[in-house]
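> Sharing a model that was predicted from the sequence below.
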Amino acid sequence: MQLSLSHLGYLPDSPKMLTLLPGDADGLPDLIPFYLRQNCLRMPRDGKGEDGFSARFPSPYNLLRGKLTLDGGTPPLYQGELRRISSRWGSLWQADFSSFKTPGSYQIETDWQISPPFAIREGVYDRIIAGYLAFLRAQRCGCAVFGVHDACHLDDGILDTDGSPLPAAGGWHDAGDFRKWLAFTLYHIDALLTLRERVGQDLERGNIAADLLLDEVSWGNAFFHRMIDSRGQVYEDVAGGSSPEGSAFTYERDWWFENHPGCYGDASDNRWTDNVPHSGDERRIRTACNPLVQWAFVHVQARASRHLSSPQAERCLELARLAAAFGRRRGHDNRTLFLAAELRGNLELLASGDTSIDVSALIASARELMRRQATFSEGLSGYFTEADATDGFRSIAFAADPALTLLRFWELRAMLRDTPVAEQARQAVFYYIENYLLADCGSNPFSLTPYGVYHDPPHRDRQLFRDAGNGHGVRTFMHPFNAQGIVHGTSSVFMSHAHLLARAAALLGQPAWRGPAERLLHWCLGHNALNRSLFSGIGYRQPVGYSYRIPQIPEAMMTGFIGKPDDSPYLEESTAIEWNTLEYWSIPFLQAAQAACWLRT
Ligand SMILES: [Zn+2]
């Protein structure tokens, strides 16, 4: 039995939910009293302990023996009742203690179990930001990281075309392996700049040098600026790996799955090297052009140009423009992910003062993105679809990108001089949140937002798709029976939604969206179906992380729960570790850190 809540804690005004996970529910009453008290100071229980042992640590070392008595000890600071609920995930007992707002350090106690300790205080989520910065530093590649690894991969890498060397040491390992995917690691620049804009001087006051943010940006950029050729084409990854020997995988057909690149890359380049260039064990640089990488590069370099000083700033803008020109010449297949990435890249160029941007083309792509939003009067609506409404837009790593792009479009409305289309973008974000995210989050007892809508659900007989209306299905977690056999944890989806909700709450004046953003953070912080924290350095009761060469990465975040066929959550709790739920990964953390930024008041 577990008493589950956010292990990190809450802001005074946060929603605060307590969930008792019964294990075996037999014999439990429908109402269970709970008591909130000072951390560490257990309440008195009945039943006499063995003589000669202290009351604080009674024989036979069973601290939960007996029933709670309310006499004799310090009265609880708050009390309430957990109520039995029936959910599609079984019977649970839940209570809402949001009305308790007094700052302090607490635990909640019942007859059967005690919660992990937690705080209520202003700035409580800053711990996530501090953790993210420590994680990112530990993920540095091409240098020694004290206590984590010696200098690595100084000999990256060789081009996959002709094997010629290109100095591409540096950057960050993306996950619990050594691969350097640009599609994912470029977004650290975005996150670091959001931290700089939102947290700024508070870091300094907390004895974290504010320069550290720009140092980290420059660290990443020293690598990213090598990953673009003289024509402006950005390379896709270093050490992503090739298709497994003997397989018939092709880049065109098998590289993407659920808007996630890199799907057939094996782990053949996920290894230590001798750090000596030209010795023959250098890792490969994938020179393929991925439009997402191309436009993410434009987006983050244009943004960086507004933060860095000369001459770095000019270099970032120059490369952003070069990459944008290449991206426009090359074009793409117009899938929703690429459309949003191109729009975001052009928006950031515009914000950086690039006067060559074709604003009417930019507005036309925003209109096209908004045309891809479902507009049903019943059932789930407001979600984005792929081109021609062939399917719902679903993405493992970039779930909120279309909505975040339109929010940015609205934010930059003064530069667009088209008030009606900016207003439409604001409405689009509003519909996405209200008619899709929040409309579905009541389908489960932890207020989780949906993974995605399916127009033609695969393997319907073997896995549950909840009714989304209009003949469509929806799941909270990715469908496990799928063409590629990939079942990916969903922390990245929840954390991108948390980021969007927190950011939109602040920018669009919708304070009611903060609570749902916090509930998603709380899920990853331990208020979940197993009372386990998905941050390796925050909270208690972590599962065993999956990391291939460095078993423990400090302050990392895990890919998180996958869904069973019936769309209920599963997380590996044994030491038979597998990547699906347990691998450390950058994407959920960089989204969580940004959510934390926007939840500061
Ligand atoms: Zn490395």
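Structure received.

> Sketch out the low-pLDDT regions of the stretch 1-150 of the chain for me.
For the stretch 1-150 of the chain, no stretch is flagged by pLDDT under 70.

> who in it is up against the ion?
Proximity of the stretch 1-150 of the chain to the ion (Cβ under 5 Å from the ion) is limited to residues Cys141. (Glycine included, C-beta is placed from N, CA and C.)

> so how far is Asp211 from the residue in the stretch 1-150 of the chain that the ion sits nearest to?
Taking Cβ to the ion, the ion has its nearest neighbour within the stretch 1-150 of the chain at Cys141, 3.1 Å off. As judged by Cβ to Cβ, to the nearest Å, Cys141 and Asp211 stand 21 Å apart.

> and the helix or strand hosting Phe409, what other elements does it pack with?
Using DSSP states H and E, Phe409 sits within helix 401-411. If you count contacts as 3 or more Cβ pairs under 8 Å, 6 or more residues apart in numbering; DSSP states H and E, helix 401-411 packs onto helix 336-351, helix 359-371, helix 419-431, helix 491-507.

> coming back round to it: which residue of Cys141 and Asp211 possesses the greater neighbour count?
Higher neighbour count among Cys141 and Asp211: Cys141, with 26 against 11, using other Cβ atoms under 10 Å.

> Now do the contacts for the more buried one.
By Cβ atoms under 8 Å, 6 or more residues apart in numbering, the residues touching Cys141 are Cys152, His153, Asp156, Ala169, Gly170, Gly171, Trp172, His173, Phe178, Lys180, Phe223.

> buried subset of those residues?
Burial by neighbour count, 16 or more other Cβ atoms under 10 Å: within the contacts of Cys141 this picks out Cys152, His153, Asp156, Ala169, Gly170, Gly171, Trp172, His173, Phe178, Lys180, Phe223.

> filter these down to the ones near the ion?
Cys152, His153.

> Which parts of the stretch 1-150 of the chain are strands?
Per DSSP state E, counting those that start in this stretch, the stretch 1-150 of the chain has strands spanning 2-4, 9-10, 17-21, 31-38, 78-87, 90-96, 104-109, 118-120. These are given in chain order.

> quick one on the thing from earlier: return the subset of the contacts of Cys141 lying in helices.
Members of the contacts of Cys141 lying in helices (criterion: DSSP state H): Phe223.

> which one in this protein is furthest away from the centre?
Asp51 (52.0 Å; Cα atoms, centre = their mean).

> Need phi/psi at it.
Asp51 adopts backbone torsions of phi -60, psi 150, taken as degrees, to the nearest 10.

> do the same with Pro165
phi -70, psi 150.

> so who does it touch?
Per Cβ under 8 Å, 6+ apart, neighbours of Pro165: Gly157, Ile158, Leu159, Pro277, His278, Glu282.

> Now for the residue farthest from the centre of the chain: which residues touch it?
Here Asp51 is in contact with no residue (Cβ under 8 Å, 6+ apart).

> Please repeat the previous calculation with a cut-off of 10 Å.
Ser59 (Cβ atoms under 10 Å, 6 or more residues apart in numbering).

> Next, work out how far apart it and Gly73 are.
In terms of Cβ to Cβ, Asp51 sits 21 Å off from Gly73.

> For this structure, which residues are neighbours of the ion?
Cys141, Cys152, His153.

> Give me the spatial nearest neighbour of the second one, chain neighbours excluded.
Using Cβ to Cβ, 6 or more residues apart in numbering and skipping residues adjacent in sequence, the residue nearest Cys152 is Cys141, 5.9 Å away.

> repeat for the last one
On the basis of Cβ to Cβ, 6+ apart, the spatially nearest residue to His153 that is not a chain neighbour turns out to be Cys141, at 5.2 Å.

> Where do the strands of the stretch 501-601 of the chain begin and end?
Under DSSP E, counting those that start in this stretch, the stretch 501-601 of the chain gives strands at 562-563, 569-570.

> In CSV: those, plus mean neighbour count and distance to Ser91.
Converted to CSV, these look like this (neighbours: other Cβ atoms under 10 Å; distance: least, Cβ to Cβ, whole Å):
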stretch, mean neighbour count, distance to Ser91
strand 562-563, 20, 19
strand 569-570, 20, 15
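
> need these in CSV with mean pLDDT, can you?
Shown next, in CSV, are those (pLDDT from 0 to 100):
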stretch, mean pLDDT
strand 562-563, 98
strand 569-570, 98
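
> Tell me, how many residues neighbour Glu555?
Glu555: 22 neighbours (other Cβ under 10 Å).
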